[in-house]
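*Asks:* could you look at this predicted model? Sequence included:
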Amino acid sequence: MSKSIPQSISKIIIAIDGPAGAGKSSVAKIIASKLNLTYIDTGAMYRAVTWLALRNSIMLEAQKDILLDLLSKAEITLLPGEKRQRVLLNGFEITDQIRTPEIVKYVSQVSAIPEVRSKLVSLQQQMGEVGGVIMDGRDIGTTVFPNADLKIFLIASSRERASRRQIQQRELGIEEDLDSIQAEIERRDFIDTTRAVSPLSQAADAILIDTDQITIYEVVDKIIATLNTKLGESKKGF
Ligand code: CDP
């Protein structure tokens, strides 16, 4: 049973940003369960839109309007899942389908489309406005919730991130070569950090944590300690 938490904590917003494989979702899930917060995986939403595009054989540049029309009628639902967040598109479960290498290949291109971003950002703002959330992504601290109570920016070397991703993919039954995963991660980092609209970047007031040499649990402890200090300073500690 999760312990009850004071009102002040139950309304907080925590933003966790960083590049692929830095440990955002693992860390966010543990903190969500420790503090009784709702975890929102925004990457899953961009992956869902990419699935929608591929499913309808939409050519991203030439047929952007078709994708935007489909997206305007689409309903993306995130539900708590056992291992990872469940994702439904128009009621159809696509939790595993959005984790394939095919989706990874196109997701950064889809995420760079300004109209896709504005639609998903406003959905994310609605999902989080009541507070009590921990949201992970690329632009949560800079764009989605610039006034978040706590902003964390996780990083790690691309080799380490590739190796973590290889383990996750194996659990899904997908075997990929380490060098190819690393190259794919670096390609995605490049597109994500150089796109025109809300690129991946560390908010000025985000706390940087390099996860290369420390475990997920040490990262969690650091974040909770930082949160406690912050809330203590504003007399809202728990
Ligand atoms: O799990 P991983 O870190 O590989 O990626 P993800 O969090 O599922 O995000 C997949 C892709 O969605 C990223 O490479 C970005 O292109 C995009 N994304 C974004 O643009 N903004 C977000 N807030 C979250 C994800």
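*Replies:* Thanks, I have the structure now. Numbering: from 1, shown residues only.
*Asks:* residue contacts, the residue lying closest to residue 70 once chain neighbours are set aside?
*Replies:* Nearest residue to residue 70, sequence neighbours excluded (C-beta to C-beta, 6 or more residues apart in numbering): residue 52, at 5.8 Å. The way it works is simple: take the backbone N, C-alpha and C, and place the C-beta from them, glycine included. Residue 52 makes contacts with 58, 67, 70-71, 74, 89, as judged by C-beta atoms under 8 Å, 6 or more residues apart in numbering.
*Asks:* at 10 Å what do you get?
*Replies:* 58, 67, 70-71, 74, 76, 89-90, 94, 110 (C-beta atoms under 10 Å, 6 or more residues apart in numbering).
*Asks:* of those, which belong to helices?
*Replies:* Those of the contacts of residue 52 mapping onto helices are 67, 70-71, 110, per DSSP state H.
*Asks:* max pairwise distance over these: which two?
*Replies:* Farthest-apart pair in the ones in helices among the contacts of residue 52 is 70 and 110; separation 12.0 Å (C-beta to C-beta).
*Asks:* please list which of the ones in helices among the contacts of residue 52 also come close to the ligand.
*Replies:* Among these, proximity to the ligand is found for none (C-beta under 6 Å from any ligand atom).
*Asks:* which one of the residues you listed is nearest the ligand?
*Replies:* Nearest to the ligand among the ones in helices among the contacts of residue 52: residue 110, at 7.6 Å, using C-beta to the nearest ligand atom.
*Asks:* neighbours around that closest one, how many?
*Replies:* 24 (other C-beta atoms under 10 Å).
*Asks:* mind pulling the model confidence for it?
*Replies:* Note on residue 110: pLDDT of 96.
*Asks:* so it touches residue 58, yeah?
*Replies:* Yes. Between residue 110 and residue 58 there is a contact under C-beta atoms under 10 Å: 9.5 Å.
*Asks:* spit out the residues that contact the two alike.
*Replies:* Counting by C-beta under 10 Å, 6+ apart, the shared contacts of residue 110 and residue 58 are 50, 52, 64, 67.
*Asks:* compare those and tell me which is most surrounded.
*Replies:* residue 50 (25 neighbours).
*Asks:* thought residue 202 was touching residue 210?
*Replies:* No. At 11.9 Å, residue 202 does not count as touching residue 210 under the criterion of C-beta under 10 Å.
*Asks:* so what sits against both of those two?
*Replies:* 153-155.
*Asks:* looking at the residues you listed, which is nearest residue 167?
*Replies:* Each of these was scored against residue 167 by C-beta to C-beta, and residue 154 proved nearest at 17.0 Å.
*Asks:* related to what we said a few turns ago, by neighbours, which of the contacts of residue 52 wins?
*Replies:* For the contacts of residue 52, neighbours tallied by other C-beta under 10 Å; top is residue 110, 24 neighbours.
*Asks:* what parts of this structure come near the ligand?
*Replies:* Within the chain, the positions near the ligand by C-beta under 6 Å from any ligand atom are 20-21, 42-44, 46-47, 107-108, 111, 137-139, 188, 192.
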